[in-house]
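K.L.:
Provide a 3D model corresponding to the input given below.
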Amino acid sequence: MSVECHSDGVAAAVIDRLPPIADAARVVVPRYLRSEEPVTVGWHSHSEGLLFAVAQGLATMQTDTGTWTMLPRQIGWLPPGTRHCGHSFGKAEALFLYLHADVCRSMPNHPCVLQMSTLSHALMERLDGLAGVLPLPRVERLLQVLLDEIREASEVPLHLPLPRDQRLLRMAGALNAAPDDDTSLDGWAAALGIGRRTMIRRFAQETGLSIGQWRQQLRLVKALELLAEGQSVTTAALSVGYSSVSAFISCFRRRFGVTPSKYFSRDAVR
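P.N.:
Now for the predicted structure:
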């Protein structure tokens with residue numbers, strides 16, 4: 001499926017992968033990314049586990065099994081060896097911590113985005129600034145507390161799992177490219193050459209979401225991307241297929257507890 005790691009019309013600096021780690025035997029290696037422009041990281045994998053947090057803007061990470069959307073106050077996790085790519089929207093500022101495989105054994109064995117606690121954020125910043133300076137035992141102690149916090153964190157549900165069936169994958173790719181598409185289920189079944197009931201059942205089995213739920217999730221994610229790029233609430237809502245601005249605001253409030261304007265005016269999302 002060719003779900004792109006960038007949005008059409010967005011000028012992005014392309015990075016094949018982040019700089020190589022000089023000493024893979026170290027427990028934790030920090031990298032900090034700051035850019036005035038959107039950044040695209042091409043498909044790659046690495047032997048280390050990766051923790052990363054967005055300090056500004058919005059980012060997506062894509063693996064072979066789905067796409068995750070990350071906002072500030074959240075932390076992403078990729079197990080060692082996970083093939084992935086990523087893209088930021090708006091100004092980019094993010095912290096990456098590469099973890100030696102030996103310290104990843106008690107972490108989730110699947111990619112995920114987790115809600116970040118205040119302590120987690122402080123620990124990541126501490127490790128970023130001092131991982132190459134502090135004695136190894138102190139680094140390990142700080143990292144252990146961070147991992148304990150992460151194990152207790154709840155997963156953020158802004159995830160778009162991908163179906164395995166190639167026909168359903170084509171539909172997912174088409175909807176990703178045009179989230180405002182309003183083709184009916186009967187229309188999709190006919191276009192894909194699959195029975196309507198079979199299509200509905202298989203999509204739910206392979207993604208854990210109904211087609212309607214997946215579409216709603218997709219539209220919310222795409223609207224978030226537009227908002228992070230500075231588009232108005234009206235433009236974001238109507239561009240991705242919401243019937244009205246009020247319908248989008250209602251959906252957004254149910255998910256995040258505040259309106260889009262209030263969410264993106266928070267200090268953490270400057």
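K.L.:
shaky segments in the stretch 151-270 of the chain?
P.N.:
265-270 (pLDDT under 70).
K.L.:
domain map for the chain?
P.N.:
13-152, 163-269 (automatic domain parsing).
K.L.:
mean neighbour count added to those domains, as TSV?
P.N.:
(C-beta placed from N, C-alpha, C; glycine too.) Output for the domains of the chain, formatted as TSV (neighbours: other CB atoms under 10 Å):
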stretch	mean neighbour count
domain 13-152	18
domain 163-269	16
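K.L.:
so residue 253 sits in a strand?
P.N.:
No: assignment of residue 253 by DSSP: H, G, I helix; E, B strand; the rest coil gives helix, placing it outside any strand.
K.L.:
other SSEs contacting the host helix or strand of residue 87?
P.N.:
Applying DSSP states H and E as the criterion places residue 87 in strand 84-99. If contacts are counted by 3 or more CB pairs under 8 Å, 6 or more residues apart in numbering; DSSP states H and E, strand 84-99 sits against strand 28-35, strand 39-44, strand 49-63, helix 118-130, helix 211-228.
K.L.:
now distance to residue 147 too, for those, in JSON lines please.
P.N.:
As requested, these are arranged in JSON lines below (distance: least, CB to CB, whole Å):
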{"stretch": "strand 28-35", "distance to residue 147": "10"}
{"stretch": "strand 39-44", "distance to residue 147": "24"}
{"stretch": "strand 49-63", "distance to residue 147": "9"}
{"stretch": "helix 118-130", "distance to residue 147": "9"}
{"stretch": "helix 211-228", "distance to residue 147": "28"}
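K.L.:
how about stretch 139-159 as PDB, C-alpha atoms only?
P.N.:
Presented in PDB, the C-alpha positions along stretch 139-159 are these (Å, rounded to 0.1, in the frame of the first residue of the first chain):
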ATOM      1  CA  VAL A 139      22.100   6.900  33.400                       C
ATOM      2  CA  GLU A 140      20.800   3.400  34.000                       C
ATOM      3  CA  ARG A 141      18.900   4.500  37.200                       C
ATOM      4  CA  LEU A 142      17.300   7.400  35.400                       C
ATOM      5  CA  LEU A 143      16.400   5.200  32.400                       C
ATOM      6  CA  GLN A 144      14.900   2.600  34.800                       C
ATOM      7  CA  VAL A 145      12.600   5.100  36.300                       C
ATOM      8  CA  LEU A 146      11.600   6.300  32.800                       C
ATOM      9  CA  LEU A 147      10.800   2.800  31.700                       C
ATOM     10  CA  ASP A 148       8.800   2.200  34.800                       C
ATOM     11  CA  GLU A 149       6.700   5.300  34.000                       C
ATOM     12  CA  ILE A 150       6.200   4.200  30.400                       C
ATOM     13  CA  ARG A 151       5.100   0.700  31.400                       C
ATOM     14  CA  GLU A 152       2.300   2.300  33.400                       C
ATOM     15  CA  ALA A 153       1.200   4.700  30.700                       C
ATOM     16  CA  SER A 154      -2.000   4.300  28.700                       C
ATOM     17  CA  GLU A 155      -1.900   3.900  24.900                       C
ATOM     18  CA  VAL A 156      -3.300   6.800  22.900                       C
ATOM     19  CA  PRO A 157      -5.900   5.600  20.400                       C
ATOM     20  CA  LEU A 158      -4.900   7.800  17.400                       C
ATOM     21  CA  HIS A 159      -3.800   4.700  15.500                       C
END
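K.L.:
please consider this matter closed, and thank you.
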